[in-house]
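S.K.: Okay, sequence plus prediction incoming.
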Amino acid sequence: MTSPQVRVTPPPTSEEFELRGELPMAQQPAVPFVEIETLRTREFLPAAKEALSDWIAEEGQAKVLRPVFNWAGRNSLFPLHWGLACCAIEFAAGFGARWDAERFGVVPRSSPRQCDLMIVNGTVTWKVAHKLITLYEQMPEPKWVIAMGNCATGGGPFRTAYSVVPGVDKLVPVDVYIAGCPPRPEAMLDGILRLERLIRERKE
Amino acid sequence: MQPEDVQRALGPRLGTRLSAVEAFPGTAGRVRFLREAALDVFRAVHDDLGFLHLSLVGGVDWVDHREVFYVVWSDDAKQYLLLSTDVPANDAHVESATAVWPSANWHERETWELVDIGFDHHPDLRHLLMPDGYVFHPLLRSFKLHEPEELEVKSRHV
């Protein structure tokens, strides 16, 4: 029996992603493509391993595996399940039946150890500031922060108040800002999708 | 219960330390006393008049002096009673009411941090609404709204 021909297709570039629109994985996988007949043969695994090793050695690990990790990461964003103010109501509605953020793989988790996304939904006071930083530092890398609503973005109507942090970016690095007071759940989903676009472009 | 009843009950015990008992709409009256008499007033109001529930403690900054007020409630009379005393701005402290009404604890912490009125013999006088190390007393008239950047520098404690 002859050795099976393992055909390996390199993952599409980021330009091809853009051409194919918002959710490319439904149309073509980014992982190496293998014909179904070759999967059935006994020699597939060693041959695939060899082909993959050659490919990785040729292209470099970062280039080959990074899109895979990005694909996995951006489709399973786990935000921290907490609420600071009225934006948390919209946050909760976004995970309800009508908007159902879970179809994007976004599942709120109650422990920061299980999270890679912190959605700061509400007014950040100085009293809660160090708790917010503690929670952020408890989250494992890689991690992202979304400032949801005007208060988290820049203090909102309480910007000059004696008790309010004028923008959560004074405390932790913020990746995506969502405007609104409060933003509707659609806006929150849009912010999450924009964050997914950022993660897709991630190089290291 | 009328202001005269309150005056009759408190007058003999407090003497000149009781400034006045004024009529106040919707309540049994407003007791104004010197701050040296604070604990005696609390005990008399609680034990003799039966105002067992402390509803509110607050402070007012009148610039030249500060005022501490207490709102107490009697379940028997179904009435509120206001207690109020003046303290000088440069020496603002008064005896804590926690010995009589334990629920005064958090109210007095809030009053201290917002209006800078100290409470003697308070069991745990520390910040309630603001972080530890916060340097302002924001409800004083002398407190100015800060630019966000300035406030950030002064409020950062982490």
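M.R.: Happy to help now that I have it.
S.K.: going forward, measure contacts between C-alpha atoms and count neighbours the same way
M.R.: OK.
S.K.: Show me the strands in the chain, by range?
M.R.: Looking at chain A here, since you left the chain open. For chain A, the strands defined by DSSP state E cover A:117-121, A:144-148, A:176-178.
S.K.: wait, I meant chain B there
M.R.: Under DSSP E, chain B gives strands at B:18-22, B:30-33, B:53-61, B:65-74, B:79-88, B:93-95, B:118-120.
S.K.: ok, and which of those has the densest surroundings?
M.R.: Comparing those by mean neighbour count (mean count of other CA atoms under 10 Å in any protein chain shown), strand B:30-33 comes out on top with a mean of 22.
S.K.: can the strands of chain B go into a markdown table with extra columns for distance to chain A?
M.R.: As requested, these are exported to a markdown table (distance: least, CA to the nearest CA, whole Å):
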| stretch | distance to chain A |
| --- | --- |
| strand B:18-22 | 36 |
| strand B:30-33 | 32 |
| strand B:53-61 | 17 |
| strand B:65-74 | 21 |
| strand B:79-88 | 25 |
| strand B:93-95 | 24 |
| strand B:118-120 | 21 |
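S.K.: For those, give me TSV that also has distance to A:Ala161.
M.R.: TSV is the format used below for these (distance: least, CA to CA, whole Å):
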stretch	distance to A:Ala161
strand B:18-22	37
strand B:30-33	33
strand B:53-61	19
strand B:65-74	23
strand B:79-88	27
strand B:93-95	26
strand B:118-120	24
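S.K.: Please identify which of those is closest to A:Gln114.
M.R.: Judged by CA to CA, the one of the strands of chain B that comes nearest to A:Gln114 is strand B:53-61, at 42.6 Å.
S.K.: can you give me how far that closest one is from the chain middle?
M.R.: Relative to the centre of its chain, strand B:53-61 is centred 5 Å away, using CA atoms, centre = their mean, to the nearest Å.
S.K.: Just list what that strand packs against, helices and strands only.
M.R.: strand B:65-74, helix B:104-115 (3 or more CA pairs under 8 Å, 6 or more residues apart in numbering or on different chains; DSSP states H and E).
S.K.: hang on, the earlier thing: adding mean pLDDT, write the strands of chain B out as JSON lines.
M.R.: Output for the strands of chain B, formatted as JSON lines (pLDDT from 0 to 100):
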{"stretch": "strand B:18-22", "mean pLDDT": "91"}
{"stretch": "strand B:30-33", "mean pLDDT": "94"}
{"stretch": "strand B:53-61", "mean pLDDT": "95"}
{"stretch": "strand B:65-74", "mean pLDDT": "95"}
{"stretch": "strand B:79-88", "mean pLDDT": "95"}
{"stretch": "strand B:93-95", "mean pLDDT": "94"}
{"stretch": "strand B:118-120", "mean pLDDT": "93"}
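S.K.: so which of those strands gets nearest A:Leu193?
M.R.: That would be strand B:53-61 among the strands of chain B, by CA to CA, at 48.0 Å.
S.K.: Kindly compare burial across the strands of chain A and name the winner.
M.R.: Of all those, strand A:117-121 has the most neighbours on average by mean count of other CA under 10 Å, namely a mean of 27.
S.K.: Let me see the mean pLDDT of it.
M.R.: For strand A:117-121, the mean pLDDT works out to 94.
S.K.: Just want the angle from it to strand A:144-148.
M.R.: For strand A:117-121 against strand A:144-148, the angle by axes from the mean of the first three to the mean of the last three CA atoms, to 10 degrees is 20 degrees.
S.K.: who touches strand A:117-121?
M.R.: A:77-80, A:83-88, A:91, A:136, A:143-149, A:152, A:168 (CA atoms under 8 Å, 6 or more residues apart in numbering or on different chains).
S.K.: Spit out the contact partners of B:Arg109.
M.R.: By CA under 8 Å, 6+ apart, the neighbours of B:Arg109 are B:Leu125, B:Arg126, B:His127, B:Leu128.
S.K.: Give the residue spans of chain B that score low on pLDDT.
M.R.: B:147-158 (pLDDT under 70).
S.K.: How many residues are close by the residue in it that chain A sits nearest to?
M.R.: Proximity of chain B to chain A (CA to the nearest CA) peaks at B:Pro131, 4.5 Å away. Residues within reach of B:Pro131, counting by other CA atoms under 10 Å in any protein chain shown, total 20.
S.K.: B:Ala104 too?
M.R.: Under the neighbour criterion other CA under 10 Å, B:Ala104 is assigned a count of 21.
S.K.: From chain B, how far off is the most centrally placed residue in chain A?
M.R.: Centre of chain A computed as the mean C-alpha position; nearest residue by CA atoms, centre = their mean is A:Arg74, 3.4 Å away. Distance, A:Arg74 to chain B, using CA to the nearest CA, to the nearest Å: 31 Å.
S.K.: okay, the residue lying closest to that residue once chain neighbours are set aside: pLDDT?
M.R.: Excluding its sequence neighbours, the residue lying closest to A:Arg74 (CA to CA, 6 or more residues apart in numbering or on different chains) is A:Glu196, at 5.1 Å. On the pLDDT scale, A:Glu196 is placed at 92.
S.K.: for A:Ser110, phi and psi?
M.R.: Dihedral angles of A:Ser110 (phi, psi; degrees, to the nearest 10) stand at phi -90, psi -10.
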